[in-house]
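**Q** I need the structure of the sequence given here:
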Amino acid sequence: GVFPFVALLLLQRRLVAGRALLVNDRSASCPINSLCRSNVYEQTRKQVALLNATAQDLFSLYLKCQGEPFSSETDKLCSPNGFFFPDFHENRTSEKEVMVAMYKLFAFLNASLGNITRDQEELNPTAKELLDRLHNTTKTTQGLISNLTCLLCKNYNIFQVDVRYGPNSKDKRAFRKKQQGCQVLRKYVQVISHAARILLPHLSSV
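**A** Residues are numbered from 1 along each chain as shown. As a prediction, this is how the structure comes out:
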């Protein structure tokens, strides 16, 4: 099915696929076209930079809180090979392509952070620093999604896009919950660094 931005912002936490619909008809209007802040580019740039700067520390703290064998067998247990994560390719050069790809990436990440936070509240309820960082990362990600939604609507009249989410870990065993979180956060460290290098120049030039 096709999921409009309004529905996507509810941030479903299950495996979902939607078909992209790019609206070019100028008679169709974005429902949130007037909600962009005047400093939306600057704010978006700061949010991406913050996520990039804190990703590795979040992953390291997550590993520490999971204990063994995750600390000593990180490469084996946290390898994201075969685990779905939205791609961000170098050949996306137009701002529109970059913004759409970035939206897919952070919609996926936000839903995944919801899974990880819920699991860690269950498995490591006393790990206050980790839980605080997960909540803060989620807040930043949600703010970024809101800004990207606004920019896509305002600049390109796009209010529907293809988004896929990762598997829900709710009913998995404790070890698999820890492993899935580890895989997501390790891949996140790689992807956010790559995405920031591509996105930031587009935002800085405005």
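
**Q** helix, strand or coil for the residue nearest to C150 when sequence neighbours are not counted?
**A** Nearest-residue entry for C150: C36, 4.3 Å, with adjacent residues in sequence omitted and distances by CB to CB, 6 or more residues apart in numbering. Placement of C-beta: from N, CA and C, glycine included. Secondary structure assignment for C36 (DSSP: H, G, I helix; E, B strand; the rest coil): coil.

**Q** quick one: C36 from A195, how far?
**A** Distance, C36 to A195, using CB to CB, to the nearest Å: 21 Å.

**Q** higher neighbour count, those two?
**A** A195 (22 against 18; other CB atoms under 10 Å).

**Q** could you list the buried residues of stretch 175-186?
**A** By 16 or more other CB atoms under 10 Å, the buried positions in stretch 175-186 come out as K177, K178, Q179, Q180, G181, C182, Q183, V184, L185, R186.

**Q** I misspoke; the intended subject was stretch 148-163.
**A** Neighbour-count burial for stretch 148-163 flags 148-154, 156-163 (criterion: 16+ other CB under 10 Å).

**Q** ok, longest helix in the protein?
**A** The helix that spans the most residues within the chain, counting by DSSP state H, is helix 174-204.

**Q** what mean pLDDT does it have?
**A** The pLDDT scores in helix 174-204 average 88.

**Q** fine by me, we can end here.
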